[in-house]
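> build me a structure from this.
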Amino acid sequence: MKKYLSSVLLILFFVLSAIGHYAHWSPTVEFIISAVAVIFVAGFLGKATESVAHYAGQRLGGFLNATFGNAAELIIAVMLLREAKFDMVKASITGSIIGNLLLVLGLSLFAGGLKHKIQKYNVTLAGMNGSLMIVAIIALFVPAIFLNTHVLHEEDRNTLSLVVAGVLIVAYLLWLVFSMITHKNYLADVTDRTEQQLPHEHEPAWSKKMSILLLVVATVMVAFVSEWLVHSLDTFTTKFGLSEIFVGAFVVAIVGNAAEHSAAIMLALKNKIGAAVEIAVGSSLQIALFVAPVLIFVSHLIGKPMDIVFTVIELAAIGVSVFIAKSITQDGKTNWYEGLLLIAVYCILGFSFYLV
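Next comes the predicted model:
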């Protein structure tokens with residue numbers, strides 16, 4: 001009965017969100033309904049991801065969730081690009097990175113640690129993730145330093161942005177080859193190595209093909225609901241006096257990451273911390289090394305070029321997030337208090353952005 005009730009509520013709020021958008025309901029009502037719809041759709045996506053992870057392993061399952069979750073983020077960003085809202089796009093990228101590293105990872109470690117005390121995952125993968133996060137920081141800091149300390153022509157700014165974006169995309173694609181193909185076993189999760197000898201606690205709800213199909217369906221639903229919610233943001237945020245940088249870094253980012261939130265926490269509670277970390281950290285890396293660079297190229301293709309220069313506030317937030325996340329995850333072991341520390345840093349940054 002509970003399963004059917006969840007499905008009914010999912011369909012109900014998805015339909016209401018669509019009606020609210022196309023019938024031009026009050027932006028506040030539309031925002032609330034869409035936000036509730038995102039919660040249900042994210043839960044659906046989390047369940048589909050868990051089922052896929054059962055067949056594909058925790059790392060690939062986590063990667064798929066991060067990728068499908070970021071698809072909604074990419075769609076939202078492209079919509080903002082078309083309206084030349086570059087500041088909000090960069091703020092949403094910043095918010096997505098710090099949201100995944102601090103909020104998603106923090107809640108996952110906190111929830112999983114309360115239930116399982118100490119959780120372990122591949123320490124080599126943790127070190128590699130830390131190195132990639134530092135590369136992402138370097139890639140964002142260097143253009144900002146050079147472009148803010150030297151007077152460069154607009155053409156040079158765009159050229160540097162495109163070169164950096166291209167290098168990051170190549171580095172990320174080669175990382176996928178390294179982690180998923182050439183060194184797959186080397187980076188395999190601790191629990192994945194023993195799963196063949198241990199019985200699964202629960203069998204997946206769907207078959208392999210059905211799981212993949214429902215993962216795609218859930219992602220499409222997330223994309224639509226996210227679009228409808230973003231449509232109501234301008235009026236909603238103006239009504240409550242919220243700044244554009246706060247909206248982009250926290251409101252839009254939290255909505256875009258709703259799928260990762262639920263999926264990562266659910267997996268951590270089931271002691272699949274490897275997949276939870278892959279979702280949180282992997283999603284941040286994907287945003288910094290792939291989604292952000294892709295947006296640079298997309299902006300040029302649509303005739304509204306955006307550079308890769310972030311503000312000092314945004315760079316500081318990303319730098320702090322990477323520093324604490326790398327410090328906590330590098331030993332391959334987690335507990336609830338480490339999750340609490342990440343959440344505390346997120347709250348500090350959130351309130352600081354709110355006051356801007």
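
> helix/strand/coil for V52?
With DSSP: H, G, I helix; E, B strand; the rest coil as the basis, V52 sits in helix.

> from V298, how far out is it?
Distance, V52 to V298, using Cβ to Cβ, to the nearest Å: 28 Å. Placement of C-beta: from N, CA and C, glycine included.

> how many residues are close by L5?
Neighbourhood size, L5 [other Cβ atoms under 10 Å]: 9.

> err, L64, not the other one
Neighbours of L64 under the rule other Cβ under 10 Å: 22.

> ok, the closest residue to it other than its chain neighbours - contacts?
The shortest distance from L64 to any non-neighbouring residue, by Cβ to Cβ, 6 or more residues apart in numbering, is to V52 (5.8 Å). Contacts of V52 were listed using Cβ atoms under 8 Å, 6 or more residues apart in numbering, and they are L60, G61, L64, K208, S211, I212, L215.

> again with F290
Residues near F290 by Cβ under 8 Å, 6+ apart: L168, I169, Y172, L173.

> kindly report the same for I75.
A223, S226, E227.

> with I33 instead?
With Cβ under 8 Å, 6+ apart, I33 has these contacts: F13, L16, S17, G20, W25.

> distance from the one helix or strand it maps to to the middle of the chain?
Here I33 sits within helix 27-56, counting by DSSP states H and E. With Cα atoms, centre = their mean, to the nearest Å as the basis, helix 27-56 stands 13 Å off its chain's centre.

> buried sites along it?
27, 30-54, 56 (16 or more other Cβ atoms under 10 Å).

> which stretches of the stretch 151-300 of the chain have low pLDDT?
Where the stretch 151-300 of the chain drops to pLDDT under 70, the residues are 151-152, 188-204, 244, 252-253, 255-260.

> redo that, cut-off 90
Across the stretch 151-300 of the chain, the ranges flagged by pLDDT under 90 are 151-161, 175-288, 300.

> at which residues are the helices of it located?
For the stretch 151-300 of the chain, the helices defined by DSSP state H, counting those that start in this stretch cover 154-177, 190-194, 208-231, 233-239, 244-246, 253-256, 258-269, 273-286, 292-301.

> which one of those helices lies closest to T94?
Closest approach to T94 among those (Cβ to Cβ): helix 253-256, 7.7 Å.

> turn the helices of the stretch 151-300 of the chain into CSV, columns for distance to I76.
Below are these laid out as CSV (distance: least, Cβ to Cβ, whole Å):
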stretch, distance to I76
helix 154-177, 19
helix 190-194, 32
helix 208-231, 5
helix 233-239, 10
helix 244-246, 14
helix 253-256, 6
helix 258-269, 12
helix 273-286, 14
helix 292-301, 11
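
> ok so, going back, which of the contacts of F290 ranks first by neighbour count?
For these, the largest neighbour count, defined by other Cβ under 10 Å, is 22 neighbours, found at L168.

> tell me the spacing between it and W175.
Taking Cβ to Cβ, one finds L168 at 10 Å from W175.

> between these two, what contacts are shared?
Common neighbours of L168 and W175 (criterion: Cβ under 8 Å, 6+ apart): L289.

> next, the contact list for L187, please.
Contacts of L187 by Cβ under 8 Å, 6+ apart are R59, N122, T124, L125, M128, S179.

> neighbours of the fourth one, how many?
Other residues lying near L125 total 24 when counted by other Cβ under 10 Å.

> look at it and give its secondary structure.
Assigned with three-state DSSP, L125 falls in the helix class.

> quick check: the gap between the residue lying closest to it once chain neighbours are set aside and S226.
Nearest residue to L125, sequence neighbours excluded (Cβ to Cβ, 6+ apart): L187, at 4.7 Å. Distance of L187 to S226, computed by Cβ to Cβ: 31 Å.

> next: L140.
L140 sits at a distance of 24 Å from S226 (criterion: Cβ to Cβ).

> try G106
22 Å.

> ok, now M128?
Counting by Cβ to Cβ, the gap from M128 to S226 is 30 Å.
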